[in-house]
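J.: A structural model of the following input is requested.
(2 chains)
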Amino acid sequence: METIIQASYFMAAVIFILGLKQMSSPVTARRGILWAGAAMVLATLATFLAPEITGSDQALTNVSLIVIAIVIGGGYAWWSGKRVAMTDMPQMIAMYNGMGGGAAATIAAVELLKANAEASHDPTGTMTIADALGPDVAILGILGAIIGTVSFSGSIIAWAKLDGRLHRSKLLPAQHLINAVIAIATVGFAIAIYFSADLTTIVIFYSLALVLGIFITVPVGGADMPVIISLFNALTGLAVGFEGYVLGNAAMIIAGIVVGSAGSLLTHLMAVAMNRSVANVFFAGVGTDSGGSATAAEGEMKEIQAQDAGILMAFASQVIIIPGYGMAVAQAQHKIWELTQLLNDQGVSVKFAIHPVAGRMPGHMNVLLAEAGVPYDMIYDMEDINADFKNTTVALVIGANDVVNPSAKTDTSSPLYGMPILDAIESDNVIVIKRGRGTGFSGVENPLFFTDNTKMLFGDGQKAASELIQAVKELT
Amino acid sequence: MIEGLAALYIFMLAGFTGYEIITRVPVILHTPLMSGSNFVHGIVLVGAMFALGIAETTTQQIIGFIAVLLGAGNAVGGYVVTERMLEMFKSSKKEGSEG
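T.: Numbering: from 1, shown residues only, chains lettered A, B, ... in the order given. Next comes the predicted model:
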């Protein structure tokens, strides 16, 4: 029996690694998640056979409780995961990740409580948690408990902020100082748990870690949320790996640590793509009042009607579409895909240019376009397409603003300065579909809108796209 | 079962493996990949099952129950959203309409 269980865990660990590897290429990604899913089912079923569980005094009660918990927790997650809109994906990932962190923290809690009970029955009364568990298990168990708890409460806050349920970016004055104090206190209580056996200490420790996760996440600006979610994802992986050591479960160690390291690298890549450092995300409180006053743009915006814009595009040799989150909010991606197909029929080459921070998260825009049916080989990353703008007749900007702002390159006083941008300005014509004349997410004026080759098509993204489709259709 | 030093080797090798997997991944897959790795640490469900399985007191059972509840949410939710995202990635070559 033990052999079957261990073999299942071993296979699960191998398949998780292969699955993740496959998920890093669009061609094999789908297969990767299916395999990993099968491995998870295998590991879960094998666990039901474990002698520790079947041989326990309360085996019947505990196994029934396990089944009930899986049905409730899994059922809820299945239901919510199936119905969430693609635009809301980032916060759902945060939520499920928080649950994982919470699970790791509660596993540690059960272990600590068991050790505490064992120590309290010690006749000499000097036994500590470290004695009961062994020093290595105690240290990793407590570490996993801190990390898991912070990831749990932090992810819940991240979910609430992205879901528009929480708008505050400041709880208390001198927030960073208070966070530092709470962090030190949490570590202090963690050490106290190790050297004692006291229930109150454990309870205070968990409460402090919960508060710490909340306080760390609340000041983080909306645009930086993806980095935080990715960081919590890596942290949960680490916590799972540590609790795997506590339980002597190799599959948990391997899966947890692989995610911990992959997630750390992914966090770093995201931060780089967004021109931020991870430390910056935590300590800056961006989007509130940072950023100087950029030089005001000169000139006038020139309006264009959909009719003329359609003609311009239908007779272009190449059109590059630059979508932003505004397109997804207006639910215009389906119309844009329809327009793309019409232009293709006219012999126009159409490409999509995706800035790393388009959407709510790096890669989020690709998901939204994929949902509308756009094949991924029409979609280009910034590095691959920037050189192509000078051969382009029309760059169509829809719902994007800061990612095409040339002042990021030229104006050292701009808050965007240094951020890599899409060089839409290089193309012969730029058409910008925009709701109104206001500034972008960063609140920075965009000089692109005032150049001679830029024309503004004001209006709701979906309506403007429909008008463009109409205009192109009339030509055929 | 897993002694201290052996565990240290596992930690190290797993760390390098994770790093290798992610290097040179295209930006277009960042979100699905984060979601996929989020699913993989859903293996915490197995640990949660042990925690509840070996629980002795009512308090331990309650906490263990929460652990399994959350772990199952992580695993199932992570799977569903990742699968939904990745199922939409398709190539234009299959339809023969290269853009």
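J.: just the helices in chain B please.
T.: B:4-22, B:30-40, B:44-53, B:58-86 (DSSP state H).
J.: What mean pLDDT does the second one get?
T.: Within the predicted structure, the mean pLDDT of helix B:30-40 is 91.
J.: now that helix and helix B:4-22, what's the angle there?
T.: Interaxial angle of helix B:30-40 relative to helix B:4-22 (axes from the mean of the first three to the mean of the last three Cα atoms, to 10 degrees): 150 degrees.
J.: Which neighbouring elements make contact with the strand or helix carrying residue A:271?
T.: Applying DSSP states H and E as the criterion places residue A:271 in helix A:250-273. For helix A:250-273, the contact count by 3 or more Cβ pairs under 8 Å, 6 or more residues apart in numbering or on different chains; DSSP states H and E identifies helix A:2-22, helix A:225-247, helix A:278-284, helix B:4-22, helix B:30-40, helix B:44-53 as packing neighbours. (C-beta placed from N, C-alpha, C; glycine too.)
J.: Present those as TSV; the columns should include distance to residue A:181.
T.: Output for the helices and strands packed on helix A:250-273, formatted as TSV (distance: least, Cβ to Cβ, whole Å):
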stretch	distance to residue A:181
helix A:2-22	38
helix A:225-247	21
helix A:278-284	15
helix B:4-22	31
helix B:30-40	31
helix B:44-53	30
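J.: Lowest average pLDDT across those helices?
T.: It's helix A:278-284: among the helices and strands packed on helix A:250-273, that one has the lowest mean pLDDT, namely a mean of 70.
J.: And the next helix or strand past that one?
T.: Where DSSP H and E defines the elements, the next helix or strand beyond helix A:278-284 is helix A:306-314.
J.: Next, the buried residues of that next one.
T.: Neighbour counts over helix A:306-314 (16 or more other Cβ atoms under 10 Å in any protein chain shown) mark A:306, A:309, A:310, A:312, A:313, A:314 as buried.
J.: Check whether the fifth one really touches residue A:394, as I assumed.
T.: Yep, that's residue A:313 we're talking about. Yes. If you go by Cβ atoms under 8 Å, residue A:313 and residue A:394 touch, sitting 5.2 Å apart.
J.: any shared contact partners between these two?
T.: Residues within reach of residue A:313 and of residue A:394 at once, by Cβ atoms under 8 Å, 6 or more residues apart in numbering or on different chains, are A:319, A:431.
J.: what's the closest of the helices and strands packed on helix A:250-273 to residue A:417?
T.: When the helices and strands packed on helix A:250-273 are compared by Cβ to Cβ, helix A:278-284 sits nearest residue A:417, at 14.4 Å.
J.: Name the SS class of residue A:397, please.
T.: Secondary structure state of residue A:397, per DSSP: H, G, I helix; E, B strand; the rest coil, is strand.
J.: Next, count neighbours for it.
T.: Neighbour count for residue A:397, taken as other Cβ atoms under 10 Å in any protein chain shown: 29.
J.: Tell me which residues touch it, please.
T.: Counting by Cβ under 8 Å, 6+ apart, residue A:397 touches A:322, A:324, A:404, A:424, A:430, A:431, A:432, A:433, A:434.
J.: hmm, 6 Å instead?
T.: Neighbouring residues of residue A:397 by Cβ atoms under 6 Å, 6 or more residues apart in numbering or on different chains: A:322, A:404, A:432.
J.: Next step: the residues you listed restricted to strands.
T.: Members of these lying in strands (criterion: DSSP state E): A:322, A:432.
J.: from the contacts of residue A:397, which single one is nearest chain B?
T.: Taking Cβ to the nearest Cβ as the measure, chain B lies nearest residue A:322 of the contacts of residue A:397, at 14.7 Å.
J.: That closest one is in contact with residue A:398, isn't it?
T.: No. Residue A:322 is not in contact with residue A:398 according to Cβ atoms under 6 Å; the separation is 7.1 Å.
J.: Tell me the buried residues in the helix or strand hosting residue A:194?
T.: Using DSSP H and E, residue A:194 falls within helix A:175-195. Residues of helix A:175-195 classed as buried by neighbour count (16+ other Cβ under 10 Å): A:175, A:179, A:182, A:183, A:185, A:186, A:187, A:189, A:190, A:193, A:194.
J.: could you dump the helices of chain B to a markdown table with distance to chain A?
T.: Listed next are the helices of chain B as a markdown table, based on distance: least, Cβ to the nearest Cβ, whole Å:
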| stretch | distance to chain A |
| --- | --- |
| helix B:4-22 | 3 |
| helix B:30-40 | 4 |
| helix B:44-53 | 3 |
| helix B:58-86 | 3 |
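J.: Out of those helices, which is closest to residue A:62?
T.: Closest among the helices of chain B, using Cβ to Cβ: helix B:44-53, at 5.2 Å.
J.: Identify the residues contacting that closest one?
T.: A:43, A:47, A:53, A:62, A:65-66, A:100, A:103-104, A:107, A:110, A:240, A:243, A:247, A:252, B:64-65, B:67-68, B:71-72, B:75.
J.: now residue B:7: how far from residue A:189?
T.: Going from residue B:7 to residue A:189 by Cβ to Cβ, to the nearest Å gives 26 Å.
J.: actually residue B:12, not the one I wrote
T.: Residue B:12 is 30 Å from residue A:189, by Cβ to Cβ.
J.: Likewise for residue A:46?
T.: 36 Å.
J.: likewise residue A:41?
T.: 38 Å.
J.: The stretch 1-150 of chain A: helices as residue ranges?
T.: Per DSSP state H, counting those that start in this stretch, the stretch 1-150 of chain A carries helices over the ranges A:2-22, A:29-47, A:51-54, A:59-83, A:89-120, A:129-133, A:135-162.
J.: Mind putting those into JSON lines with mean neighbour count and distance to residue B:28?
T.: Converted to JSON lines, these look like this (neighbours: other Cβ atoms under 10 Å in any protein chain shown; distance: least, Cβ to Cβ, whole Å):
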{"stretch": "helix A:2-22", "mean neighbour count": "19", "distance to residue B:28": "15"}
{"stretch": "helix A:29-47", "mean neighbour count": "21", "distance to residue B:28": "10"}
{"stretch": "helix A:51-54", "mean neighbour count": "14", "distance to residue B:28": "42"}
{"stretch": "helix A:59-83", "mean neighbour count": "17", "distance to residue B:28": "21"}
{"stretch": "helix A:89-120", "mean neighbour count": "27", "distance to residue B:28": "14"}
{"stretch": "helix A:129-133", "mean neighbour count": "21", "distance to residue B:28": "45"}
{"stretch": "helix A:135-162", "mean neighbour count": "24", "distance to residue B:28": "21"}
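J.: Dump these to JSON lines, plus distance to chain B.
T.: Output for these, formatted as JSON lines (distance: least, Cβ to the nearest Cβ, whole Å):
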{"stretch": "helix A:2-22", "distance to chain B": "5"}
{"stretch": "helix A:29-47", "distance to chain B": "5"}
{"stretch": "helix A:51-54", "distance to chain B": "3"}
{"stretch": "helix A:59-83", "distance to chain B": "3"}
{"stretch": "helix A:89-120", "distance to chain B": "4"}
{"stretch": "helix A:129-133", "distance to chain B": "13"}
{"stretch": "helix A:135-162", "distance to chain B": "6"}
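J.: which residues does residue A:93 contact?
T.: Shown in contact with residue A:93 (Cβ under 6 Å, 6+ apart): B:35, B:38.
J.: Check the residue nearest to residue A:385 when sequence neighbours are not counted and give its pLDDT.
T.: Among residues not flanking residue A:385 along the chain, residue A:353 sits closest, at 4.6 Å (Cβ to Cβ, 6 or more residues apart in numbering or on different chains). Residue A:353 carries a pLDDT value of 92.
J.: try the one 3 residues further on
T.: As predicted, residue A:356 sits at a pLDDT of 77.
J.: burial count for residue A:420?
T.: By the other Cβ under 10 Å criterion, the neighbourhood of residue A:420 contains 18 residues.
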